[in-house]
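Peer 1: Okay, sequence plus prediction incoming.
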Amino acid sequence: MIKKMQIAITLLLTLAIIGCQKDSEEFVPNEVQSEFVTANLFGVVLDENNDPIEGASITYRGEQAVSDSYGVYTLNSVNVDSKHNVLNISKDGYHLHSRTFRSKQQTTLQIRSKLIELEFDKSFDSNQGGSISIEGITIDFKSNSIVLEDTETEYLGQVLVATRYADKSIADFHQILPGDLSSINKNDEIQSQELYGAVSVVLQSSDGQKLQIKNGTTATLKMNLPSGELANNISAGSFDHDLGLWKEESTAAIIEGKLVAEVPHFTWWNIYKSIPHIILDGRLTDQNGSPISNKYITVRGDDGFISCYGSVEADGTFSGLIPKDQNLIIKFHDYDGGCVSNSQPLYESAIGPFSQDTDLGDLIIQLDNTTQCSVNGLAVDCDNNPINDGFIRLGNSFYQLTDGTFDASIIVCDNDPIRFIATDRASQLSSVAVMVDAPGTTNLNVVSVCAEQADFFTINCDALNMSIIMNENIGMYNNEHNGESLIGFGANTTQNDSIYSFFRTFFVPLTSTFNVGQYVINDSNSGEGGYSIYDADNTNSSRQFLLETGTVDITSGGGVGSVIKGTYTYEGKDTDTDEYYSFYGSFQILY
């Protein structure tokens with residue numbers, strides 16, 4: 001159980017089928033049998049490194065929005081169906097994404113998504129056909145079976161293939177997969193499902209034209225058998241981004257130790273067991289009646305296969321479509337970076353079986369003061385007006401600002417301070433980042449969201465389980481190296497009783513402006529660049545990772561007085577062990 005956390009469930013756990021959003025048992029696309037409420041959609045679009053994606057296009061029921069530099073978008077006062085809704089997210093260079101949701105409450109629906117970058121790293125000749133393999137999946141293409149998607153004319157030449165696989169073993173599958181695992185069978189009946197594995201496939205010509213499989217032909221999809229007992233009747237379906245549902249198209253079979261299905265076109269494909277469903281909804285609160293939000297939920301069968309996932313909304317409400325008459329396991333988790341993670345859920349329990357739709361009412365989780373970090377206050381702009389289009393970020397959780405007021409809490413697992421920042425989307429200005437006590441409650445009173453765009457510098461290293469946000473002592477400086485004037489970034493901060501420091505790093509030729517583009521950095525052009533950790537009590541105790549090679553991508557440049565933004569990757573060598581580690585991150589620095 002989580003360190004320092006005492007949790008008591010005061011409602012029978014059997015009622016905890018929080019699933020993952022709600023569909024009508026009778027629902028058929030375009031059927032008018034549902035109720036509408038007015039709600040706000042507050043979303044965040046990230047890449048797989050948890051960096052914000054700017055410029056993603058969001059469409060919902062004819063409404064449109066674009067994610068800002070923080071990856072945030074809002075659609076306020078929109079109609080939300082109590083039975084089924086779909087929101088699409090697209091950006092050039094990424095796999096198409098969709099989120100499925102529903103609500104009976106007038107609330108703020110929190111939508112968190114990760115877009116997968118298209119990497120066309122596989123190929124075959126359309127004349128001859130061929131096979132491509134990734135992560136336990138093989139796809140066999142027949143000869144002369146590829147056409148231009150727009151015109152359906154035969155395509156002859158090299159076919160570039162971008163793929164991405166996801167299943168229950170992927171920690172952030174709930175943000176990567178489209179929809180919410182609700183599906184529709186060949187009889188137009190809404191179903192739940194048991195997920196065995198899914199893959200997105202995009203085909204492209206060498207000159208960038210979209211390709212597809214020729215009408216009347218198929219490709220063969222082969223998938224390694226997942227662990228667990230599989231059903232006898234297995235379906236294969238594609239995700240319909242217009243409907244927001246997985247759509248059954250064929251059956252799959254177990255052949256020579258593989259799940260095998262013939263697919264007539266490519267988008268996201270899923271191999272699964274189709275299951276009758278029931279509907280559940282309710283609300284999560286603490287013992288004081290305050291809603292618990294910014295959590296995601298998974299429901300699994302007792303064999304471990306995912307059947308449903310979704311979010312707890314801003315007011316603590318949830319609703320979900322889950323398998324009928326089955327024993328299930330439910331878990332509550334934080335999103336990436338939270339301590340109540342996929343591997344260490346906030347709560348886990350066996351539930352079910354359930355034979356009919358149920359309204360759960362309130363589900364109360366007892367949380368003591370040693371498990372929460374809370375902040376409250378009023379966020380105002382440069383004219384002291386309340387922020388009506390913005391958000392706060394507390395740790396890794398986002399909360400929408402509509403009238404400037406905020407009262408937010410996250411669950412914590414240790415005594416490390418939590419970073420707080422408020423942002424005005426209209427001006428794209430942020431408050432000065434502050435570290436608030438955790439656990440505990442901090443009244444920030446009036447927060448001025450009128451600082452210059454706040455500087456930050458992030459450092460991530462998966463192998464070292466490291467994720468650092470620097471917001472202190474960030475700046476640029478000049479350096480002479482090999483007879484050339486260079487400019488670089490420097491930063492340091494103190495966290496967890498250690499001083500983290502980037503120094504003499506990311507050198508590029510000194511000019512009057514930083515130009516947008518990619519810069520190669522290595523030992524020959526950057527001097528002693530690298531990342532160091534110093535013990536705060538003994539600066540002689542240090543661990544250094546000297547830069548060997550890498551790249552810096554400046555995405556927003558300019559001259560003195562401009563805010564320079566970008567991302568970076570680099571390989572650093574541990575000076576003690578000579579081992580190499582991969583670092584990556586993003587930055588925003590006033591020049």
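Peer 2: Cool, the structure landed. Only a predicted model underlies this, so the values are computations on that prediction, with no experimental measurement involved. Residues are numbered from 1 along each chain as shown.
Peer 1: Please parse the protein into its domains.
Peer 2: 1-15+115-365, 369-448, 456-590 (automatic domain parsing).
Peer 1: end to end, how far does stretch 359-373 reach?
Peer 2: 30 Å (C-alpha to C-alpha, to the nearest Å).
Peer 1: no no, stretch 253-262
Peer 2: 10 Å.
Peer 1: contacting residues around it?
Peer 2: Under the criterion C-beta atoms under 8 Å, 6 or more residues apart in numbering, residues 138, 196-197, 218-225, 230, 234, 236, 250-252, 269, 271 lie in contact with stretch 253-262. For every residue, glycine as well, the C-beta is placed using N, CA and C.
Peer 1: What residues of it count as buried?
Peer 2: Across stretch 253-262, burial judged by 16 or more other C-beta atoms under 10 Å covers 258, 259, 260, 261, 262.
Peer 1: Tell me the one among those nearest to residue 205.
Peer 2: Nearest to residue 205 out of the buried residues of stretch 253-262 is residue 262 (C-beta to C-beta; 23.7 Å).
Peer 1: who does the helix or strand harbouring that closest one pair up with?
Peer 2: Using DSSP states H and E, residue 262 maps to strand 258-263. Paired neighbours of strand 258-263 in the sheet (DSSP bridges): strand 219-224 (antiparallel), strand 245-255 (antiparallel).
Peer 1: quick one: the strands in the stretch 101-250 of the chain?
Peer 2: Secondary structure of the stretch 101-250 of the chain by DSSP state E, counting those that start in this stretch: the strands cover 108-114, 122-125, 130-134, 137-141, 146-148, 158-166, 183-184, 190-205, 210-213, 219-224, 234-240, 245-255.
Peer 1: and the fifth one, what does it pack onto?
Peer 2: Read it as strand 146-148. With contacts taken as 3 or more C-beta pairs under 8 Å, 6 or more residues apart in numbering; DSSP states H and E, strand 146-148 sits against strand 210-213.
Peer 1: now residue 298: how far from residue 173?
Peer 2: 9 Å (C-beta to C-beta, to the nearest Å).
Peer 1: before we move on, what about residue 545?
Peer 2: Distance from residue 545 to residue 173, by C-beta to C-beta: 31 Å.
Peer 1: higher neighbour count, the two?
Peer 2: The neighbour comparison of residue 545 against residue 173 (other C-beta atoms under 10 Å) goes to residue 545, with 24 against 18.
Peer 1: buried ones in stretch 567-580?
Peer 2: Within stretch 567-580, the residues that qualify as buried are 567, 568, 569, 570, 572, 573, counting by 16+ other C-beta under 10 Å.
Peer 1: Kindly apply the preceding question to stretch 383-393 instead.
Peer 2: By neighbour count on 16+ other C-beta under 10 Å, the buried set for stretch 383-393 is 386, 387, 390, 391, 392, 393.
Peer 1: picking that back up, now tabulate the domains of the chain in CSV and tack on distance to residue 89.
Peer 2: Shown next, in CSV, are the domains of the chain (distance: least, C-beta to C-beta, whole Å):
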stretch, distance to residue 89
domain 1-15+115-365, 7
domain 369-448, 16
domain 456-590, 19
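Peer 1: Which among the ones you listed is found nearest to residue 42?
Peer 2: Residue 42 lies closest, by C-beta to C-beta, to one member of the domains of the chain: domain 369-448, at 4.1 Å.
Peer 1: Count the neighbours of residue 287 for me.
Peer 2: Per other C-beta under 10 Å, the neighbour tally for residue 287 reads 12.
Peer 1: Please tell me how far the nearest residue to it once chain neighbours are set aside sits from residue 588.
Peer 2: The shortest distance from residue 287 to any non-neighbouring residue, by C-beta to C-beta, 6 or more residues apart in numbering, is to residue 366 (4.9 Å). Look at residue 366 and residue 588: by C-beta to C-beta, they are 40 Å apart.
Peer 1: What of residue 147?
Peer 2: Taking C-beta to C-beta as the criterion, residue 147 is separated from residue 588 by 44 Å.
Peer 1: Also residue 242?
Peer 2: For residue 242, the distance to residue 588 equals 37 Å [C-beta to C-beta].
Peer 1: Make JSON lines out of the domains of the chain and add distance to residue 72 and mean pLDDT.
Peer 2: Listed next are these as JSON lines, based on distance: least, C-beta to C-beta, whole Å; pLDDT from 0 to 100:
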{"stretch": "domain 1-15+115-365", "distance to residue 72": "14", "mean pLDDT": "84"}
{"stretch": "domain 369-448", "distance to residue 72": "6", "mean pLDDT": "88"}
{"stretch": "domain 456-590", "distance to residue 72": "15", "mean pLDDT": "65"}
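Peer 1: picking that back up, so which of the buried residues of stretch 567-580 is the closest to residue 156?
Peer 2: Distance to residue 156 across the buried residues of stretch 567-580 (C-beta to C-beta) is lowest for residue 569, with 37.1 Å.
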